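*Asks:* requesting a structural model of the entry that follows:
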Amino acid sequence: MEATPGSRRLYERARKTLPLGVASSFQAADPYPIYLARGLGAEVWDVDGRGYVDFHNGFGSTAAGHAHPRVVAAIEGAARSGTQFAVTTEAAVTLAEELCRRFRLERVRFTNSGTEATMDAIRLARGVTGRDAICKIEGAYHGHHDTVMFSVAPSLNLIEATEHTGLNPPASKGIPVEMRKWTLVVPYNDLGALERIFAERAEEIACFILEPVMMNIGIVLPRPGYLEGVRELCTRHGVVLIFDEVKCGATIAAGGAIERFGVQPDLACFAKSITGGVAAGAFGGRADLMEEIGKGIAQQGTFNGNPLAAAAGLASLTEVLTPEAYEHFKQMGSRLAEGCAQAIAAHDIPAHVIDLGCKGCVSYRRQPLVDYRSFLDTDEDLFNASWAWLVNRGVFMTPGNEEQWTLSVQHEARHIDRFIDVFGEFCAAVAG
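*Replies:* All right, here's what the predicted structure looks like:
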């Protein structure tokens, strides 16, 4: 608080026009959020002029880093030519071709966010199958549209209150409780639970949506055979399989989880790093499903595939996030994860480290997470202490125990070593 009086003043000002003083509730923080003024490469500066090495990277939306020259040039060119027509441009067609190539999709449509991408994919699945219910993972987040706002990081009390009834309260007021009958929930990494719910209710279920790597509770990797088993069950029961790759896409591998694990969904959703930090999203998959759009199934948006987003996306995917970039992520990610793991072991901190492409995290639980309920065992107080320790020493991280770091192509060894040094000091302080 002593170091960020400018953020405090801006917070007091912002509260007069913005609920919680922020543009999105995820940005709220106690006692107030840090407001940033600019970013360049792997670093950001707040409104007080303090610099940080950035491992937040817009909740994973800037794997290209800040103000990358290739992305900046693409945006400037688009701005001079016209940022919006509400008409499809050649750049949008070319970006669609690149998304199909990278993620092994047959057709793709654009949206303006990850929320819109999952919303439209679910609508398509419902329209094609004629079924109304969906199935999702317990505690998973897929955006803030009503259908998926059930069992979103509920408290343990809520789980215990509902696990015998099969009913899940909505994660927000303003969502009709009656909608819960259309949203079924199963634990992550549990094929038996999915098989049972399909055996009982598959004829009602349009789709099963999941993050192939669960990322709103840290990072939870799929057990060997889990995604393959999910694919087989969905095929057997005629349920549309949707991968939510909003965080995975273009970060854990060039082709996201589809490439990394070799399992092809029927539909997949993308946003964040696919467009170099510009707000945009997309979803796509099998041609026979996607071609039903316009045949009684609505999908539209004035800004879908706008020239600014298309230009930034093309530059990011074809000029920045190249094969060399993923080798760089591998080297930097391994360096960071190994340094954190060494500090944890040296000071016997109850935590573990996950390294996955340009994503990774420290979760304050000794054993790796397997599902949402295991996440409830993490020590949130330790995370909160680590966040304050890091940010006070020039390392900018995501503000929640459920989040993870994102590296950019512009991170160098010196940035990684800065994190390791500060984290090691934190572990030493905790150990006393």
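*Asks:* CA only for contacts and neighbour counts going forward, please
*Replies:* Will do.
*Asks:* so who does A337 touch?
*Replies:* By CA atoms under 8 Å, 6 or more residues apart in numbering, the residues touching A337 are V353, I354, D355, G360.
*Asks:* what about it, distance to P33?
*Replies:* Distance of A337 to P33, computed by CA to CA, to the nearest Å: 27 Å.
*Asks:* and the helices in the stretch 251-400 of the chain, which stretches?
*Replies:* Assigned helices in the stretch 251-400 of the chain, in chain order: 256-261, 287-290, 307-315, 323-347, 372-375, 380-391 (criterion: DSSP state H, counting those that start in this stretch).
*Asks:* distance to A413 and mean pLDDT added to those helices, as CSV?
*Replies:* Putting these into CSV (distance: least, CA to CA, whole Å; pLDDT from 0 to 100) gives the following:
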stretch, distance to A413, mean pLDDT
helix 256-261, 24, 98
helix 287-290, 43, 98
helix 307-315, 25, 98
helix 323-347, 7, 98
helix 372-375, 31, 94
helix 380-391, 18, 95
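*Asks:* tell me the most buried of the ones you listed?
*Replies:* Greatest average neighbour count among the helices of the stretch 251-400 of the chain goes to helix 307-315 (a mean of 28), per mean count of other CA atoms under 10 Å.
*Asks:* show me the contact partners of it.
*Replies:* By CA under 8 Å, 6+ apart, helix 307-315 touches 70-72, 74-75, 78-79, 82-85, 89, 91-92, 94-95, 98, 274-280.
*Asks:* quick check: pLDDT value at the closest residue to W389 other than its chain neighbours.
*Replies:* Spatially, and ignoring its direct neighbours in sequence, W389 is nearest to F426 (6.7 Å; CA to CA, 6 or more residues apart in numbering). In this model, F426 is scored at 98, pLDDT.
*Asks:* and if you look at P399?
*Replies:* If you check P399, the pLDDT there is 87.
*Asks:* ditto for the one 4 residues further on
*Replies:* According to the prediction, E403 has pLDDT 87.
*Asks:* for whichever strand or helix holds R38, packing partners?
*Replies:* For R38, the element it lies in under DSSP states H and E is strand 36-40. Contact here means 3 or more CA pairs under 8 Å, 6 or more residues apart in numbering; DSSP states H and E; on that basis strand 36-40 packs against strand 43-46.
*Asks:* send the alpha carbons of the next helix or strand after the strand it packs on over as CSV?
*Replies:* Using DSSP H and E, the next helix or strand after strand 43-46 towards the C-terminus is strand 51-54. C-alpha atoms of strand 51-54 as CSV (Å, rounded to 0.1, in the frame of the first residue of the first chain):
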residue,chain,number,x,y,z
GLY,A,51,8.1,-1.9,-12.9
TYR,A,52,7.4,-5.6,-12.7
VAL,A,53,8.4,-8.7,-14.6
ASP,A,54,5.0,-9.9,-15.9
